[in-house]
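Visitor: Fold the following, please.
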Amino acid sequence: MVILDGMRVKPNGLLDFRSEVPLADFTTIELGGNAKYFVRCETVDEIRSALSFAEGEKLPVQILGGGSNIIFPDEGFDGLVLKVDLKGITFTDEGSYPSVIAAAGEVWDGFVKSCVENDLAGVECLSGIPGLVGATPIQNVGAYGQEVKDTIVSVRAIDRSLLEIVEFSQEECCFGYRNSIFKSQDKNRFVIVEVGYKLVKHGQPSLKYAELRNYVETRRKEAGETDLESIREAVLALRRGKSMVVDERDPNSRSVGSFFVNPVLSIAEYENFLGKLKENKIGESPSFKTAEGVKIPAAWLVENSGFHKGYRLGGVGISSNHALALINQSGTTKELLSLAASIEEAVFKKFGIALEREAVVVQRLDPYRNGSVNTKKDVTKSEFQK
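Guide: Here you go, the predicted model:
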């Protein structure tokens, strides 16, 4: 990790802080109360200024990107919500492996579309994923056989305690399955401002994932040769069929996408799971061997624990098209989390597996302060850096 200088886009100006802003308007699931303060930051210096303001006022801070993987409390957030709006994509021709630098506030699917249009392979299977570029390294976003770790070469971020720009190499990001240093040991310590990718010029599209490969094969005779654009369209079609593309006309897309991560079990955990299958007289379940262990589809666990597609609980429920998408139908965050807790309890009781939430559930206290700081109490610099 190297500290860098000169990441200034323009001189500091007056930030447009707003108060009592409805947070539901900034999330795909449309839940949550008001933010005490809300600010959009279009430059690195504006992010620094906003963080400095929050520290001076002893306010908790919640970073917000595209709002596609975050759930705010019904009571709102009694602090500052900082929306990252940094823009810009730069393509650099470096032979067969050109680099692409994207600002954190760029819409992810727009970025993927630009890469495909420039005939650059490496992210085509990640089409249609909602959210912004800056969020993708945090949980190592992946779909249909690709993960961003396969192409990311650098991540630039602001250290929230020092307000300095630091740069991480691919190795320093410590990527794992739906995980990274930004989600684990350094959770909420950094604000990502820029991501660098190394893609393949005129590269072949990825067809590692069976569902995508089968979908393409059934249409190849009519469509002819498979290229990056056709793979992108195929992925978008598959995602739309599962309501995993944000669409105002589709009530099943009023969600945060997959609410739970597919569990990856150790050998011992997998043996225990097989015992649970026998105990419950379930013949078998789908499973996939990975470098980390044995992956069990969370959607299968949910449905085989009594929560079917289309399940409803008050004003929330489960998508009719995907068992991992918890949806809002004019409900509340409290209802949604109650449903999530019921699913988690049922899965653990039946299969001995503790589901991990992929969605970010915001607490009233700033998670950067480990939930232990009373926001009404003065916080020293040393405490803030812990």
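
Visitor: only C-alpha atoms for contact and neighbour calcs from this point on.
Guide: OK.

Visitor: where does this protein dip in pLDDT?
Guide: 1-13, 220-225, 364-386 (pLDDT under 70).

Visitor: Kindly recompute the last result at 50.
Guide: Applying pLDDT under 50 to the chain flags the ranges 1-12, 366-386.

Visitor: Just the strands from the stretch 251-386 of the chain, written as ranges.
Guide: Counting by DSSP state E, counting those that start in this stretch, the stretch 251-386 of the chain has strands at residues 264-265, 288-289, 294-295, 312-313, 316-318, 326-328, 360-361.

Visitor: Paired strands for the third one, with orientation please.
Guide: Here strand 294-295 has these sheet partners by DSSP bridges: strand 264-265 (antiparallel), strand 288-289 (antiparallel).

Visitor: Looking at the chain, which helix is longest?
Guide: helix 333-351 (DSSP state H).

Visitor: re the thing from before, between the strands paired with strand 294-295, which gets nearest to Lys149?
Guide: Across those, Lys149 has its closest neighbour in strand 264-265 (17.9 Å, Cα to Cα).

Visitor: And the contacts of that closest one?
Guide: Glu292, Gly293, Val294, Lys295, Ile296 (Cα atoms under 8 Å, 6 or more residues apart in numbering).

Visitor: what do you get if the cut-off is 10 Å, keeping everything else the same?
Guide: 177, 270-273, 287-298, 353 (Cα atoms under 10 Å, 6 or more residues apart in numbering).

Visitor: So for the longest helix of the chain, what gets flagged as buried?
Guide: 333-337, 339-340, 343-347, 350-351 (16 or more other Cα atoms under 10 Å).

Visitor: Take the strands of the stretch 251-386 of the chain and lay them out in a markdown table including mean neighbour count and distance to Gly67.
Guide: Shown next, in a markdown table, are these (neighbours: other Cα atoms under 10 Å; distance: least, Cα to Cα, whole Å):
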| stretch | mean neighbour count | distance to Gly67 |
| --- | --- | --- |
| strand 264-265 | 20 | 26 |
| strand 288-289 | 10 | 30 |
| strand 294-295 | 18 | 27 |
| strand 312-313 | 16 | 23 |
| strand 316-318 | 24 | 18 |
| strand 326-328 | 28 | 14 |
| strand 360-361 | 14 | 10 |
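
Visitor: Can you tell me which of those strands is nearest to Glu57?
Guide: The nearest among the strands of the stretch 251-386 of the chain, by Cα to Cα, is strand 360-361 at 23.8 Å.

Visitor: So for Leu324, which of the strands paired with strand 294-295 sits nearest?
Guide: strand 264-265 (16.0 Å).

Visitor: what's the distance between the closest one and the middle of its chain?
Guide: Offset of strand 264-265 from its chain centre (Cα atoms, centre = their mean, to the nearest Å): 20 Å.

Visitor: Check stretch 98-106 too.
Guide: 17 Å.

Visitor: before we move on, what about stretch 249-263?
Guide: 11 Å.

Visitor: Going by neighbour count, list what's buried in that stretch.
Guide: By neighbour count on 16+ other Cα under 10 Å, the buried set for stretch 249-263 is 251-263.

Visitor: so Ile267 makes contact with Val294?
Guide: Yes. If you go by Cα atoms under 10 Å, Ile267 and Val294 touch, sitting 7.4 Å apart.

Visitor: So Ser230 sits against Tyr215, correct?
Guide: No. Using Cα under 10 Å, Ser230 is not in contact with Tyr215; the gap is 11.2 Å.

Visitor: who's more crowded, those two?
Guide: For Ser230 versus Tyr215, neighbours defined as other Cα atoms under 10 Å are more numerous around Ser230 (18 against 15).

Visitor: Arg156 - nearest residue in space that isn't next to it in sequence?
Guide: Sequence neighbours aside, Glu167 is the residue nearest to Arg156 in space, at 4.4 Å (criterion: Cα to Cα, 6 or more residues apart in numbering).

Visitor: how many neighbours does the one you found have?
Guide: What Glu167 shows, counting by other Cα under 10 Å, is a neighbour count of 20.

Visitor: Show me what it is bridged to.
Guide: Assigned bridge partners for Glu167, using DSSP bridges, are Val2, Arg156.

Visitor: and the gap between it and Phe38?
Guide: Going from Glu167 to Phe38 by Cα to Cα, to the nearest Å gives 27 Å.

Visitor: Ok, Ala298 next?
Guide: With Cα to Cα as the criterion, Ala298 and Phe38 are 35 Å apart.

Visitor: So which residues of the stretch 101-250 of the chain form strands?
Guide: So, for the stretch 101-250 of the chain - with DSSP E, counting those that start in this stretch - the strands run 120-121, 142-143, 146-147, 152-159, 165-169, 190-198, 200-201.

Visitor: could I get these as CSV with distance to Ser52?
Guide: What follows is the strands of the stretch 101-250 of the chain, written out as CSV (distance: least, Cα to Cα, whole Å):
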stretch, distance to Ser52
strand 120-121, 39
strand 142-143, 34
strand 146-147, 34
strand 152-159, 12
strand 165-169, 15
strand 190-198, 13
strand 200-201, 40
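
Visitor: Comparing those, which comes out most buried?
Guide: By mean neighbour count, with neighbours taken as mean count of other Cα atoms under 10 Å, strand 120-121 ranks first of the strands of the stretch 101-250 of the chain at a mean of 25.
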